[in-house]
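[1] sequence first, predicted model second:
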Amino acid sequence: MVETIEKLVRAALAEAQSAGELPEFEVADLGLERPADSANGDWTSTVALRSAKVAHMAPRAIAEAIAAHLPEAPEIDRVEVAGPGFVNIYLSVAAGNEIFRTVREQGEDFGRSDLGVGQRVQVEYVSANPVGPLHIGHGRWAALGDSLARVLDHAGYEVEREYYVNDHGNQMNTFGNSVSARYLQLAQIMDEKGIDAHAAHEALIADWAAFVSDEADEHPESHPYMDAFRESLGADSYGGDYIIDLAAHFMEADGTRWVDADASERMISFRERGYKLMLEDIRQTCDDMRTSFDVWFSERSLYEKDASGTSAVDRAFARLREQGYLYEKDDALWFRSTDFGDDKDRVLVKADGAYTYFASDVAYHWNKYERVDHVIDVWGADHHGYIARVRAATDALGYEGKFEVLLGQLVNLLRNGQPVRMSKRKGTMVPLRELLDEVGADATRFTLVSKSSNQMIDFDIEAVKRQDNTNPVYYVQYAHARICSILRRAAGVTAEEAAELGMDEIASRACPIDCDLSVLTDPTEAALARKLGEFGDLVESCARDRAPFRLTHYAQELAGSFHSFYTACQVLPSEGRPVDEAVSKARLAVCDAARRVLALTLSLIGVSAPERM
């Protein structure tokens, strides 16, 4: 419809110029928008305001000339000039209703655009270290990153989804040492108490739990093994209970064969095997979160030598050195990031020869640009200070303006309005797995993507589990299920039959695609048509502004528009309440169009659209 409106307005502008009422000038953008208030039309053009300076005329006079010459068209009911020079266009009933047929014809392609056609973009998200399970914060990055990727795809971009596996560096050895220490403690308990591995595992978990609850450290006698673990490794350890579980797994698999083994060999074995187990757990959690990746990129690969004897890190350094951006000082290798606006230069290789985390990022981002045109990294808000140095590196490598970071704020976990108590000893980590098991992927994803990434989210576990209209995800899903029920009744099929046939087939049986929509005249029908018509622009704005959270608000608004329509307009005949057959068919088409867009909106944020509730 917007293309039709644009042609009509341009024709009116040309006619007014030909008639001598307007001077000759060209306008690239007619400023076509959907007014927030339907009283101001279905479409409005700000072309008069935009062209006032070049035309040397008052914008209202320009608007009046355009309105006077707007060609008659079946799509247009009337045109009005408002305010300082808005050209407000009101669609005919038939044109407004045509959106219902368009939605049904286009199906899952409705709202697609060419905004990003020809652009390869990568979204990297989650990317947690493979040394522990994902927590609720990672869940937010998963929901945000995956939803953004879906939106970008619908807007025409060629999207690559990537998980960066931080499997190189000191944290991996820390992980291996932590598992190794717990393994030795299990062996110690088995020997001291004469119990099997299973009982020793339970004893060590009980010791850990006692430590967690003894925040004031008033009863050290209740957690001697945890104290010994911390004393042996200090802060350079991972103290979660999952480390004990991994150690017990290896004890079950290998017995005590590693007790007297070389400490380094033991650590490496547990590090590598434990890493694979943790990465598999991460993959499974992401799958259960309905978050998939095209690429799982290993940081280790950046340091692997090729046939020429160089690594990706070596080649990245060579490029920066050729451009004069590297220098040595105090036996360390530095990058001149201040040349690109950073507050200080950054170390790539320390004096002891160890590579910094930043060194990996330089090579990694260069690798990205060998595959895509634009990079979007989704990071936690605590990484804010890291942006400048990475942007400096990408600029130095020749990709200025092609690096982007979305920062996600924290998630406050509540239960019935009260903060979920976190133990300082346990840490703030709430495993994402626990949340998914309790509230499900739908409620988790909808809630975690419901606000802008730069806003904190209050996630009330009990609130998102409620099966009533106070729960936004339930409200939207119920609207979809309600429509499916209406269509099944109209088609005369059972839920089981519908499950086999599919709702699209059921809808086509209930109301043909070519049914007469001109009989739809109720204001709630017009409001629903208007809301459906907003979807395409919404997808583009979500893609352009990296703001998939808007889809959750739209879904609620669309569900509300449908409920208002269904309250005001009888769809199916019932005893004592007949409905004209043509009207019923048309209203079933309205229902089906709403169903399709509700399902499409939910799919873009990775939430299911149930057919029964």
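    It's in. Remember, predicted model here, so these are calculated numbers, not experimental data. Residues are numbered from 1 along each chain as shown.

[2] tell me which element residue 405 falls in.
    Using DSSP states H and E, residue 405 maps to strand 403-408.

[3] partner strands of whichever helix or strand comes after that strand, with direction?
    For strand 403-408, the succeeding helix or strand toward the C-terminus, using DSSP H and E, is strand 411-415. Sheet partners assigned to strand 411-415 using DSSP bridges are listed as strand 418-419 (antiparallel), strand 457-460 (parallel).

[4] for the strand holding residue 405, packing partners?
    Applying 3 or more Cβ pairs under 8 Å, 6 or more residues apart in numbering; DSSP states H and E, one finds that strand 403-408 makes contact with helix 136-154, strand 374-380, helix 387-396. C-beta here means a position set from N, CA and C on the backbone, and glycine is covered the same way.

[5] average pLDDT for the shortest one?
    For strand 374-380, the per-residue pLDDT values average out at 96.

[6] residues in contact with that strand?
    119-126, 137, 141, 144-145, 148, 365, 368-369, 386-387, 390, 394, 399, 402-408, 410, 453, 546 (Cβ atoms under 8 Å, 6 or more residues apart in numbering).

[7] which among these end up buried?
    With burial judged by 16 or more other Cβ atoms under 10 Å, the buried subset of those is 121-126, 137, 141, 144-145, 148, 365, 368-369, 386-387, 390, 394, 399, 402-406, 408, 453, 546.

[8] what sits against the residue lying closest to residue 295 once chain neighbours are set aside?
    Closest residue in space to residue 295, ignoring its immediate chain neighbours: residue 162 at 4.5 Å, by Cβ to Cβ, 6 or more residues apart in numbering. Applying Cβ under 8 Å, 6+ apart to residue 162 gives the contacts 122-125, 293-297, 368.

[9] ok, these vs residue 305, which is closest?
    Taking Cβ to Cβ as the measure, residue 297 is the one of these closest to residue 305, at 17.8 Å.

[10] the closest one: what's it in contact with?
    So residue 297 contacts 162-165, 364, 367 (Cβ under 8 Å, 6+ apart).

[11] so what does the helix or strand hosting residue 440 touch, helix or strand wise?
    Counting by DSSP H and E, the element that carries residue 440 is helix 432-448. Where contact means 3+ Cβ pairs under 8 Å, 6+ apart, helix 432-448 is packed against helix 136-154, helix 263-288, strand 457-460, helix 461-465, helix 472-491.

[12] out of the ones you listed, nearest to residue 211?
    helix 263-288 (21.3 Å).

[13] that closest one packs against which elements?
    Using 3+ Cβ pairs under 8 Å, 6+ apart: helix 263-288 touches helix 170-193, helix 241-254, helix 432-448.

[14] what about 6 Å?
    helix 170-193, helix 432-448 (3 or more Cβ pairs under 6 Å, 6 or more residues apart in numbering; DSSP states H and E).

[15] circling back to that earlier point, now, of the contacts of residue 297, which are buried?
    Judged by 16+ other Cβ under 10 Å, buried ones among those: 162-165, 364.

[16] list just the nearest of these to residue 348.
    residue 364 (12.9 Å).
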